[in-house]
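> Only the shape, not the letters, is given here:
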């Protein structure tokens, strides 16, 4: 099974070099992400990072590297931070969830290997939970400790100036997500409505349901949840959480 789970959002403004004027406003969010990544690194040197991408379901090996050049700064990141890892040319098309995974790994100063698992943003809930169960079985069979990093944002419709403008349903939706993450409630995450999530521009729905499948697949293990941060700067919901196996 997974030795720990970290849940992060994926805004490029997490990266100080990209945040510019927003750096101070997002400092607490950034600190929470760094804390979650450091705790995951302490629990496992191998991570599976799950995120949503329009390119659909696919795996990305730990040899991949990327850059935030598409967001304004040519800042490279790698999915393999182990000493002596083969250097590869940064891919400017590396999906944002994996860029954030690489950035988070780099913040820990630990030797880590990360494999990416991407799903379509509109993936059906059963497909997401099935992938989660598959990843949990893989982690259970691994020789060493494996951590799960789940990357995705909540609704982008919390204010009139939000990317998707305002939708009164956004607050209720993200309150339910935050509560589920705090309680390690896999069933609540699995029950998220994909149509509502799409209408609210919540790209984290599919990755969170992969987490639900992974957690449910370890039926003999309870999970302890901890919500480290939840906020809506610029009208977008960002949640940071840790799940650890119960004893």
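Sure thing, it's come through. Quick caveat: nothing in here was measured; it's all calculated off a predicted structure.

> Residue 189 - nearest residue in space that isn't next to it in sequence?
residue 212 (4.0 Å; C-beta to C-beta, 6 or more residues apart in numbering). In this view, the C-beta of every residue, glycine as well, is placed from N, C-alpha and C.

> helix/strand/coil for the one you found?
For residue 212, the assignment made with DSSP: H, G, I helix; E, B strand; the rest coil gives helix.

> ok, the residue positioned nearest the centre of the chain - contacts?
Residue closest to the average C-alpha location in the chain (C-alpha atoms, centre = their mean): residue 151, at 1.3 Å. The neighbourhood of residue 151, defined by C-beta atoms under 8 Å, 6 or more residues apart in numbering, consists of 7-10, 49-51, 97-98, 100-101, 204, 207.

> if you set the cut-off to 7 Å instead, what comes out?
For residue 151, the residues meeting the contact criterion (C-beta atoms under 7 Å, 6 or more residues apart in numbering) are 8, 10, 49-51, 97, 100-101, 207.

> What is the neighbour count of the closest residue to residue 229 other than its chain neighbours?
Nearest in space to residue 229, with sequence neighbours left out and distances taken as C-beta to C-beta, 6+ apart, is residue 32 at 3.5 Å. The criterion is other C-beta atoms under 10 Å. On that basis, residue 32 has 22 neighbouring residues.

> try the one 10 residues further on
Here the number of neighbours of residue 42 (other C-beta under 10 Å) works out to 14.

> Shouldn't it be within a helix?
Yes. The assignment for residue 42 (three-state DSSP) places it in a helix.

> burial of the residue lying closest to it once chain neighbours are set aside, as a residue count?
The shortest distance from residue 42 to any residue other than its chain neighbours is 7.8 Å, reached at residue 110 (C-beta to C-beta, 6+ apart). By the measure other C-beta under 10 Å, the count of residues near residue 110 is 16.

> Also residue 121?
The local packing count at residue 121 equals 21, with neighbours defined by other C-beta under 10 Å.

> for residue 109, same thing?
Around residue 109 there are 10 other residues, counting by other C-beta under 10 Å.

> quick one: it and residue 34, what's the gap?
Distance check for residue 109 against residue 34: by C-beta to C-beta, to the nearest Å, it reads 11 Å.

> Could you give the bridge partners of residue 8?
In this structure, residue 8 has beta-bridge partners residue 151, where bridges are defined by DSSP bridges.

> Could you check the pLDDT of it?
Note for residue 8: predicted pLDDT of 98.

> Over to residue 246?
The confidence metric pLDDT takes the value 87 at residue 246.

> how about low-confidence regions in the chain?
Regions of the chain meeting the criterion pLDDT under 70 cover residues 21-23, 87, 219-220, 247.

> just the strands in the protein please.
Chain-ordered strands for the chain, with DSSP state E as the definition, fall at 4-8, 46-52, 58-60, 65-67, 76-78, 113-119, 146-151, 223-231, 238-245.

> Give the other helices and strands that the second one contacts.
Secondary-structure packing of strand 46-52 (3 or more C-beta pairs under 7 Å, 6 or more residues apart in numbering; DSSP states H and E): helix 96-108, strand 113-119, strand 146-151, helix 205-216.

> The shortest one vs strand 4-8, what angle?
Compare the direction of strand 146-151 with that of strand 4-8 by axes from the mean of the first three to the mean of the last three C-alpha atoms, to 10 degrees and you get 20 degrees.

> so strand 146-151 versus helix 96-108, what angle?
Taking the same axes, to 10 degrees, one finds that strand 146-151 is oriented at 120 degrees with respect to helix 96-108.

> now strand 146-151, how far from the centre of its chain.
7 Å (C-alpha atoms, centre = their mean, to the nearest Å).

> Brilliant, that's me finished.
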